Each structure stands twice: as C-alpha cells, then as structure tokens.
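> need coordinates for the below:
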Amino acid sequence: MRSLRGERGSASVLILGLSIAVLVGVGFAVDGTRKGQAYSQATSIAEEAARAGGQALRAHALAEGTDTDVDPQLAVVEAQRYLTAFGAGGTARWDGRRLIVETTITRSTVFLGSIRIPSFTVHGVGAAVVVSAG
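You can find the predicted model right below:
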C-alpha cells in the first residue's frame, strides 16, 4: 500500500479557494441587487420630482380663472424641493418645454467593501413634458 503523505492539506487549500470564490460571488449578487434597487429608486424619485415640478402653475392665471400654464422657474424650484425632501442629490432644469430632473444616489456596499469597493453611485433621470391648455 502506498502512502499519500505528500498530498496532506491539499483539500483544505481547495476548500479555502472555493470558499473565497463563493463569498465573492455572493458579494456581487447581493451588492449587484442593491445597485439595481438604488437605480430604480433614483429613477423613481427623478420622475416624481419632475411630476411635482410640472404642477407648478402660474398663480395669477388660477386667480383670474383663465387658462393656466407652468411657471418654469417655480417648476424647477418645486422639483428641487422634492429631491431635498427625499434626500436625493440632483438637479432640475427647464429646457423650453420639458422639466428634466437628474438624481444621484450613493449607497454603501455590504460585501464588496472587503475587496475595496466601499460604495456605488447610481443616476436616475426623469422628465415631465408640459402641455398648456388653450
């Protein structure tokens, strides 16, 4: 019978290597899912902020009972206020007919911090096309 003393400990090296690979895979799965959720949240907040800003009607038209339209400066302010209320960084701008809102969300990682990826940043965009009655 032949002795296998030269291969002693090789199974533990294999298990260690596979354990590390599994942990990295789980890390990418968990943090990848968190990144997808953060992207969805950033886009949702941007779209809602654009809708909120798109409802910034000129007060004088409402008071006079005439057709209303959106006040572009107030629309940007209202969208920015919505972003602040939800704790999302971002910008709102008026491009002539649309209110465009861009958001940025940063989240910390759960597992990937161990391989020096401490956080990720995602961006969302929403727009409201404003149609005046009349």
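
> list the buried residues in stretch 44-58.
Neighbour-count burial for stretch 44-58, counted by 16 or more other Cβ atoms under 10 Å, picks out 45-54, 56, 58. C-betas here are computed from N, CA, C, even on glycine.

> the chain: strands as residue ranges?
89-94, 98-108, 119-129 (DSSP state E).

> now tabulate those strands in a markdown table and tack on distance to Leu23 and mean neighbour count.
A markdown table is the format used below for the strands of the chain (distance: least, Cβ to Cβ, whole Å; neighbours: other Cβ atoms under 10 Å):
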| stretch | distance to Leu23 | mean neighbour count |
| --- | --- | --- |
| strand 89-94 | 32 | 18 |
| strand 98-108 | 18 | 19 |
| strand 119-129 | 18 | 17 |
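
> need the ones you listed in a markdown table (columns: mean pLDDT).
Below are the strands of the chain laid out as a markdown table (pLDDT from 0 to 100):
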| stretch | mean pLDDT |
| --- | --- |
| strand 89-94 | 94 |
| strand 98-108 | 94 |
| strand 119-129 | 94 |
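
> show the contacting residues for Val13.
For Val13, the contact set (Cβ atoms under 8 Å, 6 or more residues apart in numbering) is empty.

> Val70: which of the strands of the chain is closest?
Closest approach to Val70 among the strands of the chain (Cβ to Cβ): strand 98-108, 7.8 Å.

> now the angle from the closest one to strand 89-94?
Strand 98-108 and strand 89-94 are oriented at 170 degrees to each other (axes from the mean of the first three to the mean of the last three Cα atoms, to 10 degrees).

> residues contacting strand 98-108, please?
34-35, 38, 41-43, 45-47, 49-50, 53-54, 70, 72, 75-76, 79, 83, 88-94, 118-130.

> try stretch 121-132
Stretch 121-132 has contacts (Cβ under 8 Å, 6+ apart) with 35, 38-39, 41-51, 53-54, 67-70, 75, 90, 97-107.

> for it, what is the distance to the chain centroid?
13 Å (Cα atoms, centre = their mean, to the nearest Å).
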